[in-house]
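> Here you go, sequence then predicted model.
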Amino acid sequence: MTDPAQTEVEQPEPGGSRAADRSGREAARRGLTTAEVAERVARGDVNDVPVRSSRSTADIIRGNVFTRFNAIIGVLFVIILIVGPLQDGLFGFVIIANTGIGILQELRAKKTLDSLALIGEARPTVRRDGTAVELPTSEVVLDDVIELGPGGKVIVDGEVLESDGLEVDESLLTGEADPVVKKPGDAVMSGSFVVAGGGAFAATKVGRAAYAAQLAEEASRFTLVHSELRTGISRILKYVTWMMVPTALGLILSHLLTLGLPADAAVRRMVAGIVPMIPEGLVLLTSVAFAIGVVRLGRRQCLVQELPAIEGLARVDVVCLDKTGTLTEGGMDVGEVRPLDGQDPDRVRQVLGAFGASDPRPNASLQAVVDACPAPDSWRCTDTLPFSSARKYSGAAFEEPGGERSSWLLGAPDVLLPDGDPLLPEIDRRNAQGLRVLLLARAARPLDHPDVAREGRPTALVVLEQRLRPDAPETLRYFAEQGVQAKVISGDNAVSVGAVAGKLGLPGADAPVDARQLPHDDPEAMAKALEEGAVFGRVTPQQKREMVGALQARGHHVAMTGDGVNDVLALKDADIGVAMGAGSEATRAVAQIVLLNNSFATLPSVVAEGRRVIGNITRVATLFLTKTVYSVLLAILVACCQIPYPYLPRHLTLLSTLTIGVPAFFLALAPNKERARPHFVRRVMRYAVPSGLITGLAAFATYLLARVHYTGPDALAAQTSAATLTLFLTALYVLAIIARPYTWWRIGLVLLMGLGFLIVLVTPWLQHFFELRLVGTTMPWAAVAIAAVAALLLETAWRWVGRRFPA
């Protein structure tokens, strides 16, 4: 397109309008002065929208301290401090320690995220004092003149001042798929992005007044909310609360009103019944596991912009890859320039050199041409047609040194040539070698003609060699081994894309599909073709979006990787969007994960981290909820039988620490490669309920037997000790099942927990502290025998559940 300054027609109007126009253009070229910027900063006209970042320190502390269960446990802790003794309040100190660990880990994650977000932050080009400078988005002020180029994100609302074929995609804001051509005077909205051309605009609304900021300020902040794992845990906690309230009331009434125990003893037994119902460490461990995941990924230069993205990528079973910048490196090299029909090679290189010089922001293909063909002297560019992924070509018009005028197109041969052209078979042969081929054609129509690509005269073929990423084959192999389908979706020629994918060892690369042949009016048929194929070429940005939607409609969890503006729509719609750090501002803005090191090989680390978090939290959730189930069962049984609760708070604190708290922390951070599956609550409860019932019944059976065996004034302490032994051994066996498959450290962990309990039993001062002393030999061995029967029942139940209710 021509420069606005050349195309505007000056009309004589009152008041010196022409001088005002010239003044306005000069101001646009110069931008704001330092004094004008300072004036706007003083007024508060600054783009102060919070960056997409981690939660604040206050939010982290508040989120870890002020929870429903911390409030319940806090009240019970205060009650125990009043009635004593202190060892029955150990559970309170455990909660304080857990909360502290959670806060510290999240603060570590915050520090990592904030530093990475600073590296990955978009820095728009702003004109200040006549110079174009890159600034953080937070330093943009009202009336700043901001330059735009392909892939650039419109960061604030504004009015276009300059347009060089500027086309803006507003689909993320309006839902309208077609790009909008912007001319001087048109409005642009924050949140849109440039798909073709360039220009500049003046900021008219900044900060929270901007359109996209109003929509997205909260949605774009770091959050734990939109996560199946967190949602599932919240549901579980809701059910636990419902069960806990009536059970606790029953315990209180039976101990205070019916059994006639002293008030302090009744209160301690009642608290002992309530505290273990609360899976207090489950939320903490989930937060810690995610936070440690963020830190681990941060060390690999991977920015997680939304925490559930770690979980989401673990659930992915299809990953859609853009070829350029993902499987290949961004740069290319011109391998050959082949003139057609006897064209002069020197003139062809002059045209290519002038073509490259006509675009101030060349893409990777044109940059290779720029590097190979220097710009000729005295060629004046009179018009341009910016490249767009939808068109697949760009154009430029020149006035040559002799005064001759010419228009040229450079782009995809299969778009610029008619079907059946004799050049196409040769081009296909080169594509089959993994080369990218561009056609230079002389246009027969003006560049602004709607059919400019028709009837052009082929002038030369430009053959580009693509640089394959050395780490791509290993990454593709990893996905294949993990059961994740990899599909290459590219705007390039399908045969060329297939050849590149074949060199990298992608299964199915030998049957590439031209996306123009897909049945777009039949979503079901298109989804079937997508499931069967692995490589798709000549895909438009809108088609990428449709492909992602079609795969999702078939029940797939889809991840999309990309770096260019043509990937934005698909990245936004995919379950997980992964952008390259060197990609366009727009792709980085919509992606949940940004690979700041631009390495596709980082993706397996993200997948592995997600699988570790999800798989391990599922494991430890079963441990925590087993305790909840047996605690509720024991409370109901003792209330119905009108007998004292068999345990004191110190006993259950000891058991929880050895069979759940300590081992769960290690299990939550262990490697786990199993692909995450849906229905978290159902998968956890199918094992937790039978395990809790068997454990609770075994402990209660020992307690009833001990009540018959031991009599006298100190019988309750002996009965409690016997019941504690059965409960510990049975809960330890549940831990042993959950620790499978065994490794040396998992076996060691289970044995170490058993050793810890043994030390308590044989150390006199610990016996006294925990009020645990086994009396005689008959009842302790009976407790062991009951635990052995319970272990056999647990093994049978777990195997039956695995067959009857597969995950």
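Arrived safely. Residues are numbered from 1 along each chain as shown.

> Can you tell me which residue sits nearest the middle of this protein?
In the chain, the C-alpha nearest the mean C-alpha coordinate belongs to A309, at 2.2 Å (C-alpha atoms, centre = their mean).

> hang on, that one packs against I576?
Yes: counting by C-beta atoms under 8 Å, A309 does reach I576; the two are 5.6 Å apart. No exception for glycine: its C-beta is placed from N, CA and C like everyone else's.

> Tell me where the stretch 501-650 of the chain has helices.
523-532, 541-553, 568-573, 585-590, 603-641, 649-656 (DSSP state H, counting those that start in this stretch).

> could you list every residue that touches the residue nearest to V288 when sequence neighbours are not counted?
Computed as C-beta to C-beta, 6 or more residues apart in numbering, the closest residue to V288 that is not its neighbour in sequence is Q105, at 4.7 Å. Neighbour list for Q105: 287-288, 291-292 [criterion: C-beta atoms under 8 Å, 6 or more residues apart in numbering].

> Repeat the analysis, applying 10 Å as the threshold.
Contact analysis of Q105 by C-beta atoms under 10 Å, 6 or more residues apart in numbering lists 60, 64, 284, 287-292, 294-295.

> List buried residues within these.
60, 64, 284, 287-292, 294-295 (16 or more other C-beta atoms under 10 Å).

> tell me which of the residues you listed is nearest to P184?
Ranked by distance to P184 (C-beta to C-beta), those are led by V294 at 44.4 Å.

> Nearest residue to that closest one in space, please, no chain neighbours.
A109 (4.2 Å).

> likewise A589?
What sits nearest to A589 in space, not counting adjacent residues and going by C-beta to C-beta, 6+ apart, is K153, at 5.4 Å.

> Could you measure from that neighbour over to V168?
Separation of K153 from V168 (C-beta to C-beta, to the nearest Å): 10 Å.

> for the protein, what are the low-confidence residue spans?
Residue ranges of the chain with pLDDT under 70: 1-28, 49-55, 116-121, 171-178, 210-227, 260, 306-307, 330, 675-676, 807.

> Can you tell me the SS state at the residue of the chain most remote from its centre?
Distance to the chain centre peaks in the chain at G712, reaching 62.3 Å (criterion: C-alpha atoms, centre = their mean). In the three-state summary, G712 is assigned as coil, counting by DSSP: H, G, I helix; E, B strand; the rest coil.

> need the contact list for it.
By C-beta under 10 Å, 6+ apart, G712 lies in contact with A718.

> just to revisit the earlier point, touching both of A309 and I576, which residues are there?
Common neighbours of A309 and I576, using C-beta under 10 Å, 6+ apart, are 559, 591-593, 606, 610.

> List the contacts of L504.
L504 neighbours (C-beta under 10 Å, 6+ apart): 323, 327-328, 434, 468-469, 472-477, 486, 488.

> rerun at 6 Å
472-473, 476 (C-beta atoms under 6 Å, 6 or more residues apart in numbering).

> ok, back up a step: adding distance to L704 and secondary structure, write the contacts of Q105 out as TSV.
As requested, these are exported to TSV (distance: C-beta to C-beta, whole Å; DSSP: H, G, I helix; E, B strand; the rest coil):
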residue	distance to L704	secondary structure
I60	47	helix
N64	41	helix
L284	35	helix
S287	40	helix
V288	39	helix
A289	39	helix
F290	43	helix
A291	44	helix
I292	44	helix
V294	49	helix
V295	49	helix
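
> so can I have TSV of those showing distance to R454?
Output for the contacts of Q105, formatted as TSV (distance: C-beta to C-beta, whole Å):
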residue	distance to R454
I60	61
N64	65
L284	66
S287	60
V288	62
A289	59
F290	55
A291	58
I292	59
V294	53
V295	57
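
> from those residues, which is closest to T763?
Nearest to T763 among these is L284, at 29.3 Å by C-beta to C-beta.

> Quick check, the closest one in contact with N98.
Yes: L284 lies in contact with N98 (C-beta atoms under 6 Å); the separation is 4.9 Å.

> distance between stretch 585-592 and the chain's centre?
Mean C-alpha position of stretch 585-592 versus that of the full chain (C-alpha atoms, centre = their mean, to the nearest Å) differs by 12 Å.

> no no, stretch 274-294
How far stretch 274-294 lies from its chain's middle: 21 Å, per C-alpha atoms, centre = their mean.

> Likewise for stretch 686-700?
Centroid separation for stretch 686-700 versus its chain: 37 Å, with C-alpha atoms, centre = their mean.

> Going by neighbour count, list what's buried in stretch 57-65.
Going by 16+ other C-beta under 10 Å, stretch 57-65 has these buried residues: 60-61, 63-64.

> From the chain's centroid, how far away is it?
Worked out by C-alpha atoms, centre = their mean, stretch 57-65 lies 22 Å from the chain centre.

> Likewise for stretch 448-456?
43 Å.

> which residues touch that stretch?
For stretch 448-456, the external contacting residues (C-beta under 6 Å, 6+ apart) are 409, 416, 441, 443-445.

> Can you list which of the residues you listed are found in helices?
L416 (DSSP state H).

> Filter the contacts of stretch 448-456 down to the buried ones.
409, 416, 441, 443.

> Can I get the residues you listed in TSV including distance to L86?
Below are the buried ones among the contacts of stretch 448-456 laid out as TSV (distance: C-beta to C-beta, whole Å):
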residue	distance to L86
L409	84
L416	84
A441	87
A443	89
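
> quick check, nearest of those residues to F600?
L416 (30.9 Å).

> With adjacent residues omitted, what lies nearest to V37?
Excluding the flanking residues, the one nearest V37 by C-beta to C-beta, 6+ apart is V141, at 5.6 Å.

> so the one you found sits right up against A38, yeah?
No: under the criterion of C-beta under 6 Å, V141 makes no contact with A38, lying 9.2 Å away.
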